[in-house]
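Engineer: Fold the following and give me the result.
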Amino acid sequence: MKIIITELAGLTPGEEHNETILARFSERLPELEHDLVQDLSHISHFANYMGGMALDAVIYQKDNLYRLDYHYPWEINWSCADQMEQGVMNDKVRFTLAEDGEVHFKLLKLD
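Structural biologist: Numbering: from 1, shown residues only. Sure thing, here's the model as predicted:
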């Protein structure tokens, strides 16, 4: 997944920009959140993301590589049995930040 955030253009790579990057991601969360939700089938094929993602931290790795830590709730609604299960998924994704503000998330896709 790629996105351009012009406010991040021209930043030199480094941990001093972690909070700035996190703030820009938080502003764009409605645009990002559904792509950041990983496959929940390891919980159940009926597990769903119902909203409420929160971004926890951006951590500088090296060069132009960073990591985004985040979490989101999931739920399974067994309406026929009038039961519901809920939990929280803690997740992380690496991303690169180009000089022009292009962010490329390296999402794990399971086939």
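
Engineer: When you work out contacts or count neighbours from here on, use the C-alpha atoms and nothing else.
Structural biologist: Fine.

Engineer: all helices for the protein, in order.
Structural biologist: Remark: helices assigned in the chain by DSSP state H are 18-27, 29-36.

Engineer: Of those, which is nearest R94?
Structural biologist: Nearest to R94, of all the helices of the chain, is helix 29-36, at 11.1 Å by C-alpha to C-alpha.

Engineer: Least confident of the helices of the chain, on average?
Structural biologist: Ranked by mean pLDDT, these bottom out at helix 29-36, with a mean of 94.

Engineer: Next, the buried residues of that helix.
Structural biologist: L32, E33, L36 (16 or more other C-alpha atoms under 10 Å).

Engineer: now do stretch 64-83
Structural biologist: For stretch 64-83, the neighbour count (16+ other C-alpha under 10 Å) marks 64-76 as buried.

Engineer: hmm, back to that, now render the helices of the chain as a markdown table, adding distance to M84.
Structural biologist: Output for the helices of the chain, formatted as a markdown table (distance: least, C-alpha to C-alpha, whole Å):
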| stretch | distance to M84 |
| --- | --- |
| helix 18-27 | 29 |
| helix 29-36 | 22 |
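
Engineer: For D100, find the nearest of the ones you listed.
Structural biologist: Across these, D100 has its closest neighbour in helix 18-27 (13.7 Å, C-alpha to C-alpha).

Engineer: That closest one vs helix 29-36, what angle?
Structural biologist: Helix 18-27 runs at 90 degrees relative to helix 29-36, counting by axes from the mean of the first three to the mean of the last three C-alpha atoms, to 10 degrees.

Engineer: Kindly format the C-alpha coordinates of helix 18-27 as PDB.
Structural biologist: This file holds the C-alpha atoms of helix 18-27, laid out as PDB (Å, rounded to 0.1, in the frame of the first residue of the first chain):
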ATOM      1  CA  ASN A  18       8.800   9.700  14.800                       C
ATOM      2  CA  GLU A  19       6.200  11.900  16.600                       C
ATOM      3  CA  THR A  20       5.700  14.000  13.500                       C
ATOM      4  CA  ILE A  21       5.100  10.900  11.300                       C
ATOM      5  CA  LEU A  22       2.700   9.400  13.900                       C
ATOM      6  CA  ALA A  23       0.700  12.700  14.000                       C
ATOM      7  CA  ARG A  24       0.400  12.700  10.200                       C
ATOM      8  CA  PHE A  25      -0.700   9.100  10.200                       C
ATOM      9  CA  SER A  26      -3.200   9.800  12.900                       C
ATOM     10  CA  GLU A  27      -4.700  12.600  10.800                       C
END
